[in-house]
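In: sequence plus the predicted model coming up.
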Amino acid sequence: MQRIRKAVFPVAGLGTRFLPATKAVPKEMLTVVDRPVIQYVVDEAREAGIEHFIFVTGRNKAVIEDHFDIQFELNQTLAQRGKDDQLAKLQRLQPLAGQTSFTRQQEPLGLGHAVWCARELVGDEPFALLLPDMIMQSEKSCMKEMVELYGHTGGNVVAVQECDPSETHKYGIVGKGGDIHNGFRLTGMVEKPKQGTAPSNLYINGRYILQPEIFSILENQERGAGNEIQLTDGMLKLEKEQGFYGFHYQGRTFDCGSPEGFIEANVAFALARPDIAGKMAPVIAGLLDEAQAKSGGALRQSG
């Protein structure tokens, strides 16, 4: 069994739901508290033992490459001004030379196509896939626990979480089989099932460990929903040949691809920071009370 050394991050999306903020700034570089969204996802992969970070980019995404590069002038200025804590923080986040690779998705043909674009950089070995819109908050990272499960099962692993049964038609849903280590066997996957037909309320939350055979499947994959090459369609074919396992993630997931999820992430991560939670908690509470007063209590009733 080959260990998971590489991770793919599809970062070519336009981020239209955040316009005009994303007109010149990639959505992955929008900050949650004091770090770009993409930094949280890379940190999660790093905690799981990933050594090579592969970014599938598009036009106007060069700033992501700059973010993971060394800024000599900045480091020198911080050192000269005695800002050792800030310099040390930057150095901790800095990937080593040769640990990052970038390739282009030249057309917006879907997630499956973005994954396929990384085939030459991944090579013939299993890899992690982390969707950068989704950031996680838990004591042990989602991908770290997935890698631990993979060490017992091999094959392919997807992370899942519970959703309201009335919303299963919005997601890729899995069927749950017998338990194994800290996960379970998948009995099937359904993309956006019709209401009342879902095999469970466990949805795929944007974290995967996949075998390299997925690339040959995606290469010949016909376009599906949205006239795009869908990763789920490819996984359904791979499932017929290889084992798939689910990891039931128990932490919190924030969809930073939506304004609501992005704001929620900022509040949650701010309140989890001991250095700023004490200042922010009363501010947030005060703003909420003010909004409640203006709405005549409608916000509290709706919540």
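Out: Great, that's in hand.
In: so Ala268 makes contact with Phe254?
Out: Yes: the pair Ala268 / Phe254 is scored as a contact, 6.8 Å apart, by CB atoms under 8 Å. Heads up, the C-betas are built off the backbone N, CA and C, glycines and all.
In: who touches both of these two?
Out: Gln137 (CB atoms under 8 Å, 6 or more residues apart in numbering).
In: compare those two (neighbour count), which wins?
Out: Remark: of Ala268 and Phe254, Phe254 carries more neighbours, 24 against 15, as counted by other CB atoms under 10 Å.
In: hang on, isn't that one packed against Glu260?
Out: No: using CB under 8 Å, Phe254 is not in contact with Glu260, being 9.6 Å away.
In: how about the strands in this structure?
Out: Applying DSSP state E to the chain gives strands spanning 6-10, 31-32, 35-36, 52-57, 100-104, 127-130, 134-137, 156-162, 172-180, 183-191, 202-210, 244-248, 252-255.
In: Phe72: which of those is closest?
Out: When the strands of the chain are compared by CB to CB, strand 100-104 sits nearest Phe72, at 17.0 Å.
In: rewinding a little: got the strands of the chain as a markdown table, with distance to Glu290 columns?
Out: What follows is those, written out as a markdown table (distance: least, CB to CB, whole Å):
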| stretch | distance to Glu290 |
| --- | --- |
| strand 6-10 | 39 |
| strand 31-32 | 24 |
| strand 35-36 | 28 |
| strand 52-57 | 41 |
| strand 100-104 | 44 |
| strand 127-130 | 37 |
| strand 134-137 | 27 |
| strand 156-162 | 33 |
| strand 172-180 | 39 |
| strand 183-191 | 42 |
| strand 202-210 | 34 |
| strand 244-248 | 39 |
| strand 252-255 | 24 |
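In: so which of those gets nearest Ala291?
Out: Among the strands of the chain, the nearest to Ala291 by CB to CB is strand 252-255 (20.8 Å).
In: who touches the closest one?
Out: 133-138, 142, 161, 205-206, 261-262, 264-265, 268.
In: please repeat the previous calculation with a cut-off of 10 Å.
Out: With contacts defined as CB atoms under 10 Å, 6 or more residues apart in numbering, strand 252-255 is touched by 32, 37, 40, 131, 133-138, 142, 159, 161, 203, 205-207, 260-269, 272.
In: now, of the residues you listed, which are buried?
Out: 32, 37, 40, 131, 133-136, 142, 159, 161, 203, 205-207, 261-262, 264-266, 269 (16 or more other CB atoms under 10 Å).
In: picking that back up, closest one to Met235 among the strands of the chain?
Out: Met235 sits nearest to strand 183-191 of all the strands of the chain, at 6.3 Å, using CB to CB.
In: taking the mean pLDDT, what do you get for the closest one?
Out: Strand 183-191 shows a mean pLDDT of 88.
In: buried residues in it?
Out: Buried, per 16+ other CB under 10 Å, within strand 183-191: Gly183, Phe184, Arg185, Leu186, Met189, Val190, Glu191.
In: likewise for stretch 5-16?
Out: For stretch 5-16, the neighbour count (16+ other CB under 10 Å) marks Lys6, Ala7, Val8, Phe9, Pro10, Val11, Ala12, Gly13, Gly15 as buried.
In: determine which two of those are furthest apart.
Out: The two members of those with the most space between them (CB to CB) are Lys6 and Gly15, at 25.0 Å.
In: picking that back up, can you lay out the buried residues of stretch 5-16 as a markdown table showing distance to Leu93 and pLDDT?
Out: Formatted as a markdown table, those follow (distance: CB to CB, whole Å; pLDDT from 0 to 100):
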| residue | distance to Leu93 | pLDDT |
| --- | --- | --- |
| Lys6 | 19 | 97 |
| Ala7 | 16 | 98 |
| Val8 | 20 | 98 |
| Phe9 | 15 | 97 |
| Pro10 | 21 | 96 |
| Val11 | 17 | 94 |
| Ala12 | 23 | 90 |
| Gly13 | 23 | 85 |
| Gly15 | 22 | 83 |
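In: in JSON lines: those residues, plus distance to Pro212.
Out: Below are the buried residues of stretch 5-16 laid out as JSON lines (distance: CB to CB, whole Å):
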{"residue": "Lys6", "distance to Pro212": "10"}
{"residue": "Ala7", "distance to Pro212": "14"}
{"residue": "Val8", "distance to Pro212": "11"}
{"residue": "Phe9", "distance to Pro212": "17"}
{"residue": "Pro10", "distance to Pro212": "17"}
{"residue": "Val11", "distance to Pro212": "21"}
{"residue": "Ala12", "distance to Pro212": "21"}
{"residue": "Gly13", "distance to Pro212": "24"}
{"residue": "Gly15", "distance to Pro212": "29"}
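In: closest to Asp66 among these?
Out: Val11 (13.1 Å).
In: wait, doesn't that closest one sit right on Pro132?
Out: Yes: using CB atoms under 10 Å, Val11 makes contact with Pro132 at a distance of 5.5 Å.
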